[in-house]
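Undergrad: here is my input, please return the structure:
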Amino acid sequence: MKFEVVEHEGKRYAEIIRAGTTVDKSVFFSPAGSSFQFGLLAHGHDFVEPAHYHPTIERKIDDLQQMFVVQKGVVAVDFFSDGGVRFHEVVLRVGDAILLVHGAHSVRVLEDMQCVSVKQGPFLGADRDKVEIGVQR
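TA: Next comes the predicted model:
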């Protein structure tokens, strides 16, 4: 199993599930209190999940997390400290998935890419949901 966590100065920046990772049973890697749950579903042959729905429960979410799965190409994700210093890079290939949890990041396309992307809504617009930072070179 290949699950990675990017942390810096006590802050969780990202969780990564690499392509080809397998589990015998469903597992979520994110802490239970996280506003976005990231994991793998796995069940044996003939498993049937009973019909169900998820009830409306008011939840307070004050962060915006984003997850994407690379379908085509190669993508680098750079992580930056609060002061704008790059401290880590993750290169993602087809089938790799990442959950961007907290902190500053940038995405660089190394080979033409396409990703499935999921983030919490509603989208409030780039001017409210995205804050660019100054990066130290």
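Undergrad: what's across from the residue nearest the centre of the chain in the sheet?
TA: Geometric centre of the chain, nearest residue: Leu99, 0.8 Å, by Cα atoms, centre = their mean. On the basis of DSSP bridges, Leu99 is bridged to Glu15, Met67.
Undergrad: residues contacting it?
TA: By Cβ atoms under 8 Å, 6 or more residues apart in numbering, the contact list for Leu99 reads 14-16, 30, 36, 38, 65-67. (Each C-beta comes from the backbone N, C-alpha and C, glycine too.)
Undergrad: so can I have JSON lines of these showing pLDDT, distance to Gly103 and neighbour count?
TA: Shown next, in JSON lines, are those (pLDDT from 0 to 100; distance: Cβ to Cβ, whole Å; neighbours: other Cβ atoms under 10 Å):
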{"residue": "Ala14", "pLDDT": "96", "distance to Gly103": "8", "neighbour count": "23"}
{"residue": "Glu15", "pLDDT": "95", "distance to Gly103": "12", "neighbour count": "24"}
{"residue": "Ile16", "pLDDT": "95", "distance to Gly103": "14", "neighbour count": "19"}
{"residue": "Ser30", "pLDDT": "90", "distance to Gly103": "15", "neighbour count": "17"}
{"residue": "Phe36", "pLDDT": "88", "distance to Gly103": "14", "neighbour count": "18"}
{"residue": "Phe38", "pLDDT": "90", "distance to Gly103": "16", "neighbour count": "19"}
{"residue": "Gln65", "pLDDT": "90", "distance to Gly103": "11", "neighbour count": "20"}
{"residue": "Gln66", "pLDDT": "93", "distance to Gly103": "12", "neighbour count": "17"}
{"residue": "Met67", "pLDDT": "94", "distance to Gly103": "15", "neighbour count": "21"}
